[in-house]
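Colleague: Would you be able to build a 3D model of this:
(one chain, ligands or ions: 1)
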Amino acid sequence: MPEGHTLHRLARLHQKYYGKRPVRVSSPQGRFPAALVDGRVLTRAEAYGKHLFHVYAPDAIVHVHLGLYGTFTDAPLPPTLPVGQVRMRMVGETHWTDLRGPTRCEVLNAAERAELLARLGPDPLRRNADPAAAYTRITRSKLPVAALLMEQKVLAGVGNVYRAELLFRHRVNPRTLGTSVTEAQWSAMWTDLVGLMKDGVKKGRIDTVRDEHLPHVTGRAPRVDRHGGEVYVYRRTDQPCLICGTPVRKAELAARNLYWCPTCQA
Ligand SMILES: [Zn+2]
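Modeller: Take a look at the predicted model:
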């Protein structure tokens, strides 16, 4: 599933292609009430965690959650005939964009949007995000920190890759209970997460390996994975830890795969 940096990139892209101008919006598949926003000016596109919002007016906000299978594709004009199940098509002055397979694509009003945002924890990519709100939720829970980091009501936008890598970089055992996470630990993790996710927005991929452990420094082969970036533990099961050489472990936690180094994160 795309993590928060992907949604923030999409928001920037849509702002650039469509912001401040009228947009033709349609639903070739017919499953989205496009008439509610068609022809209106897109005030702004923005992301909050894994949620994307196209704000046309206070009573006309398109909300998209990509889920596991949703994708946006875009190209310069002119648009081609829709291929496959296109939920929403946007046509602007220079580009057109198709959305396929999202979990949610709906029109909300400001109150409905506020209700949705109230259920989310702070998003590290938003300027006014409050790390203390996340810490309060973490320390009140006896769930493992690895599970808490993935809960959108604790933190908005963090997925499996950032969660595994953040815990590794701070040498935190993924099974540490929320109640045992110290304020100093959380403060360092939050600052790090903000930096990592900003880097993700810039590059469009998740890189978490510090300079001294990069392939050209240590002489190891670069990572080959469809996710692209250089990481310490994510999907590196049984491969040697980049710091201590111990094979990376994998286990299932809350129906998602968790990766960690049993030595560095003892
Ligand atoms: Zn290690």
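Colleague: switch to C-alpha atoms for all contacts and neighbour counts from now on
Modeller: Will do.
Colleague: List the buried residues in the lowest-mean-pLDDT helix or strand in the chain.
Modeller: Per-element confidence for the chain was summarised using mean pLDDT, DSSP states H and E. The lowest value among helices and strands belongs to helix 215-218, with a mean of 90. Residues of helix 215-218 classed as buried under the neighbour-count rule (16 or more other C-alpha atoms under 10 Å) do not occur.
Colleague: who touches the closest residue to the ion within the stretch 101-250 of the chain in this structure?
Modeller: Checking the stretch 101-250 of the chain residue by residue against the ion with C-alpha to the ion singles out C244 as nearest, at 4.2 Å. Neighbour list for C244: 263-264 [criterion: C-alpha atoms under 8 Å, 6 or more residues apart in numbering].
Colleague: where exactly do the strands run in the stretch 51-200 of the chain?
Modeller: Residue ranges of the strands in the stretch 51-200 of the chain, as given by DSSP state E, counting those that start in this stretch, are 51-57, 60-65, 71-76, 86-91, 95-100, 104-108.
Colleague: If we ignore the residues flanking it in sequence, what's nearest E212?
Modeller: T218 (7.4 Å; C-alpha to C-alpha, 6 or more residues apart in numbering).
Colleague: where does the residue lying closest to C261 once chain neighbours are set aside fall, helix, sheet strand or coil?
Modeller: For C261, the nearest residue in space outside its immediate sequence neighbours is V248; the separation is 4.9 Å by C-alpha to C-alpha, 6+ apart. Taking DSSP: H, G, I helix; E, B strand; the rest coil as the rule, one finds V248 in the strand state.
Colleague: how about V248, what does it touch?
Modeller: For V248, the contact set (C-alpha under 8 Å, 6+ apart) comprises 233, 236-241, 259-262.
Colleague: buried subset of the residues you listed?
Modeller: 233, 236-237, 240-241, 259-262.
Colleague: for K20, what are its contacts?
Modeller: Counted by C-alpha under 8 Å, 6+ apart, K20 has contacts 41-44.
Colleague: from these, which is closest to the ion?
Modeller: Closest approach to the ion among the contacts of K20 (C-alpha to the ion): R44, at 43.9 Å.
Colleague: residues near that closest one, how many?
Modeller: The criterion is other C-alpha atoms under 10 Å. On that basis, R44 has 20 neighbouring residues.
Colleague: what bridges to it?
Modeller: Here R44 sits in beta bridges with V55, going by DSSP bridges.
Colleague: Number the chain from 37, please
Modeller: All right, first residue 37 from here; so that's R80.
Colleague: does it really touch H90, like I thought?
Modeller: Yes - at 6.1 Å, R80 and H90 qualify as touching, with contact defined as C-alpha atoms under 8 Å.
Colleague: before we move on, the earlier item: kindly reformat the contacts of V284 as a markdown table and extend each row with secondary structure and pLDDT.
Modeller: Output for those, formatted as a markdown table (DSSP: H, G, I helix; E, B strand; the rest coil; pLDDT from 0 to 100):
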| residue | secondary structure | pLDDT |
| --- | --- | --- |
| V269 | coil | 97 |
| R272 | coil | 95 |
| T273 | strand | 96 |
| D274 | coil | 97 |
| Q275 | coil | 95 |
| P276 | strand | 95 |
| C277 | coil | 97 |
| Y295 | strand | 97 |
| W296 | strand | 98 |
| C297 | coil | 98 |
| P298 | coil | 98 |
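Colleague: Fine, thanks again, bye for now.
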